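Enquirer: next come a sequence and a model predicted from it.
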Amino acid sequence: MSRFLVILFLLPCLSAFCQIEVTDTSGNSLFAIAQGTLTDAGNQQPAFTVRGNIIFHGTSDKKEDIVLLVRAEDIFDKNAGEVLKADMKEVLMTVTKGRFYLGKGPFYDDSKLLGYYKPDSKGNLRIYSGNNTWAASIKASAVTTGEFVLVFYYLMVQKGWVQQLANSLPMPNSSQAAEDDLAATNGTIRRVWGNAKDEYIWNGKIIKRKWNSFDFEEWSFDGTTLKRIWYAGEDDYIWDGQTLKRKWNTGTEVFEWDGSILRRKWNTGTDEYSIQGNIVKRLWNTGVDEEWEIDGEIPIPIIAMVVFGLLGK
């Protein structure tokens with residue numbers, strides 16, 4: 001990136017009404033940051049707020065609502081910076097030269113590349129996923145380091161880039177990791193006709209992939225609430241014994257269980273699964289990749305999270 005562009009995008013906003021707009025590849029608005037608060041264009045709800053290099057949940061600026069801490073002066077600098085999780089100890093991402101890598105260095109390992117920023121011919125910045133797919137563009141005359149990280153983080157979560165990266169990694173050669181996990185496993189659920197990447201383990205508290213598990217899709221369940229272990233946000237689900245739904249911004253994410261059929265409440269008539277013995281399969285348009293096998297005891301809401309693909313959303 002040229003010195004001119006670095007200066008252009010890192011200058012502080014001089015206007016209280018300065019707004020950062022993030023658009024898709026067709027120019028449609030995805031979300032915007034105004035006065036430090038990110039608001040999604042779809043639901044018009046404030047999702048995150050950035051104050052300096054600290055990112056908070058919602059519009060809060062309280063310590064208990066911290067989501068990320070950015071340890072970097074300039075994400076385009078060759079010296080690596082770090083994005084820490086809420087505990088301010090564990091590294092979520094390493095960033096250098098506008099490129100974001102999962103976890104702690106080495107930051108040159110492209111097998112851990114989540115995505116990156118790149119200028120276009122019009123003076124805007126494009127954001128690409130780790131597989132080099134153009135996802136969005138930033139239109140603004142000034143963006144701070146914290147805002148750069150927030151924009152990337154929000155896109156990463158919305159588009160499931162952590163999961164894409166997990167799927168691209170090779171399977172382990174040794175079964176020792178699986179044996180260690182199964183020592184504390186209450187049950188497993190896997191596609192009958194899938195591969196080992198589509199196998200999940202449940203230990204009575206946590207659901208996660210058996211192989212190459214990534215922190216973004218690891219969830220805890222206490223009998224009532226399902227939530228990501230490592231990420232604060234608006235993704236929590238509530239289970240009342242019959243209905244599973246998002247705690248916030250419900251939309252169509254409402255699922256019902258009648259004792260034998262698991263279905264999306266607002267469905268087209270095809271998003272229904274039957275549970276017979278240890279087999280879970282679609283009622284309609286059943287394909288070879290739509291049958292799951294359960295071994296052990298797994299709660300209904302955990303099954304729903306897996307078969308409806310909610311763990312990585």
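Expert: Structure's in. What do you need?
Enquirer: quick one: mean pLDDT for the helix of greatest length in the chain?
Expert: Criterion DSSP state H: the longest helix present in the chain is helix 145-159. The average of the pLDDT scores along helix 145-159 is 92.
Enquirer: stretch 56-64 too?
Expert: The average pLDDT for stretch 56-64 rounds to 87.
Enquirer: would you mark the buried spots in it?
Expert: By 16 or more other CB atoms under 10 Å, the buried positions in stretch 56-64 come out as F56, H57, G58. Yep, even glycine has a C-beta here, placed from its N, CA and C like the rest.
Enquirer: quick check: closest non-adjacent residue to V162.
Expert: Closest residue in space to V162, ignoring its immediate chain neighbours: F216 at 4.0 Å, by CB to CB, 6 or more residues apart in numbering.
Enquirer: in three-state terms, label that neighbour for me.
Expert: helix (DSSP: H, G, I helix; E, B strand; the rest coil).
Enquirer: OK, contacts around it?
Expert: F216 is in contact with V157, V162, Q163, R228, W230, Y231, G312, counting by CB atoms under 8 Å, 6 or more residues apart in numbering.
Enquirer: quick one: which of those residues sit in helices?
Expert: Under the assignment DSSP H, those contribute V157, V162, Q163 to helices.
Enquirer: report how many residues lie close to the second one.
Expert: Neighbour count of V162, defined by other CB atoms under 10 Å: 21.
Enquirer: wait, it touches L102, no?
Expert: Yes: here V162 reaches L102: they are 6.8 Å apart, a contact under CB atoms under 8 Å.
Enquirer: quick check: neighbours shared by these two?
Expert: Both V162 and L102 are contacted by L114, F214, under the criterion CB under 8 Å, 6+ apart.
Enquirer: list the contacts for S29?
Expert: By CB under 8 Å, 6+ apart, the neighbours of S29 are E21, V22, T23, A41.
Enquirer: and the pLDDT at the first one?
Expert: Put plainly, it is E21. Per the predicted model, pLDDT is 92 at E21.
Enquirer: mind telling me what element it is part of?
Expert: strand 19-23 (DSSP states H and E).
Enquirer: helix 145-159 and that strand, what's the angle between them?
Expert: If you take axes from the mean of the first three to the mean of the last three CA atoms, to 10 degrees, strand 19-23 sits at 30 degrees to helix 145-159.
Enquirer: now do the buried residues in the next helix or strand after strand 19-23.
Expert: Counting by DSSP H and E, the next helix or strand C-terminal to strand 19-23 is strand 29-34. Using 16+ other CB under 10 Å as the test for burial, strand 29-34 gives L30, F31, A32, I33.
Enquirer: ok, and the closest non-adjacent residue to the first one?
Expert: The spatially closest residue to L30, leaving aside those adjacent along the chain, is V22, at 5.0 Å (CB to CB, 6+ apart).
Enquirer: residue contacts, the one you found?
Expert: Contacts of V22 (CB under 8 Å, 6+ apart): S29, L30, F31, A32, I33, I127, A136, S137, I138, K139, V151, L155.
Enquirer: so what's it bridging to?
Expert: For V22, the beta-bridge partners are F31, I138 (DSSP bridges).
Enquirer: so L165 sits against L114, correct?
Expert: Yes: taking contacts as CB under 8 Å, L165 lies within contact range of L114: 6.2 Å.
Enquirer: quick check: neighbours shared by the two?
Expert: With CB under 8 Å, 6+ apart, L165 and L114 have common neighbours L102, G130.
Enquirer: for the stretch 51-200 of the chain, which spans come out with low pLDDT?
Expert: Across the stretch 51-200 of the chain, the ranges flagged by pLDDT under 70 are 106-108, 167, 169-185, 194-197.
Enquirer: what's the answer for the stretch 201-313 of the chain, then?
Expert: 232-234, 250, 268-269, 285-289.
Enquirer: and the closest residue in space to L38 that isn't next to it in sequence, backbone torsions?
Expert: Leaving aside its chain neighbours, L38 sits nearest to F48 (4.7 Å; criterion: CB to CB, 6+ apart). Backbone geometry at F48, expressed as degrees, to the nearest 10, gives phi -140, psi 160.
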